[in-house]
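> dropping the sequence and predicted coords here.
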Amino acid sequence: MADSVVLEQRGGILVITINRPEARNALDREASLRIAAAADRLDADDELRVGVLTGAGGAFCSGMDLKAWMTGETPNIEGRGFGGVTVTPPRKPLIAAVEGWALAGGFELMLACDMVVAAENSRFGVPEVKRALVAGGGAAMLLPRRIPQAIAMEFLLTGEPVTARRAAELGLVNRITPEGEALAGALELAAAVAANGPMAVAVTKEIAVVQTDWTLEDGWRNNAELCAPVFASADAKEGAAAFAARRTPVWQGR
């Protein structure tokens, strides 16, 4: 049988493909564990700068595999959430490349990503209430922080999907591509991120993600503590030298 998750390294980019097209890439336990392992590899490998999460067969992810769930299997990993990334996303940037449906847990996987590139035929939604379930993988908690409360309530309480265009209008999608080109668009965006200083990218993401929990006073102190090692790094000196010499910098990641 084919692997439920396929990994491909393209330079400094790790492409993570959910490979269960027969189930519209719904996640069972095995697939979740494989995504979690891929996220760990992304963070552990110094050669990797950015991850791209996508799905095979024209769909991103339709959520939890209900057939597996009915047998007592869960795709939620303790301490890490759905797919191993909704509670604890990787430290390095993760970009979603969405074709077709991103539903339920698949929508929550998308929310766990830092940026989203979506094909114009893609659809987004959290239909859990239609099955007497709760969007407990993060959407009910995180969506009202990302978009206006009333719009989030419409998503969550009607369960109706929206188009890629509507998702982009709401700020959930960064770029829209023609059908079949979401991965190419995500790789282009990933390459732009991967070209930058890896320490600076990781710390910038960390600050941007956790700052919502800081008071203003704590924020300035925490911000300074996180930035200090970056400004003192070899990469910071290389960035300045490369700028002065009008050449491409060579990052060391330290």
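Received the coordinates, thanks.

> isn't D235 up against G253?
Yes. Taking C-beta atoms under 8 Å as the definition, D235 is a contact partner of G253 at 6.9 Å. Where you see a C-beta, it was placed from the backbone N, CA and C, and this is true even at glycine.

> list residues touching both of the two?
Shared contacts of D235 and G253, defined by C-beta atoms under 8 Å, 6 or more residues apart in numbering, are found at 198-199.

> doesn't D43 make contact with P90?
Yes. With contact defined as C-beta under 8 Å, P90 counts as touching D43 (5.1 Å).

> mind listing what D43 touches?
By C-beta under 8 Å, 6+ apart, the contact set of D43 is 90-92.

> out of those residues, which one sits closest to R221?
Lowest distance from R221 to these (C-beta to C-beta) belongs to R91, with 21.0 Å.

> do I have it right that the closest one meets E206?
Yes. If you go by C-beta under 8 Å, R91 and E206 touch, sitting 7.1 Å apart.

> neighbour count for those two, which is higher?
Set R91 next to E206 and count neighbours by other C-beta atoms under 10 Å: R91 wins out with 16 against 13.

> give me the distance between the more buried one and A97.
Taking C-beta to C-beta, to the nearest Å as the measure, R91 and A97 are separated by 20 Å.

> also L103?
16 Å.

> what do you get for T163?
Going from T163 to A97 by C-beta to C-beta gives 17 Å.

> these two: who's more crowded?
A97 (30 against 16).

> state whether the more buried one is indeed within a strand.
Yes. Using DSSP: H, G, I helix; E, B strand; the rest coil, the secondary structure at A97 is a strand.

> per-residue pLDDT, it?
A97 is assigned 98 on the pLDDT scale.

> that one contacts T54, correct?
Yes. Taking contacts as C-beta under 8 Å, A97 lies within contact range of T54: 3.9 Å.
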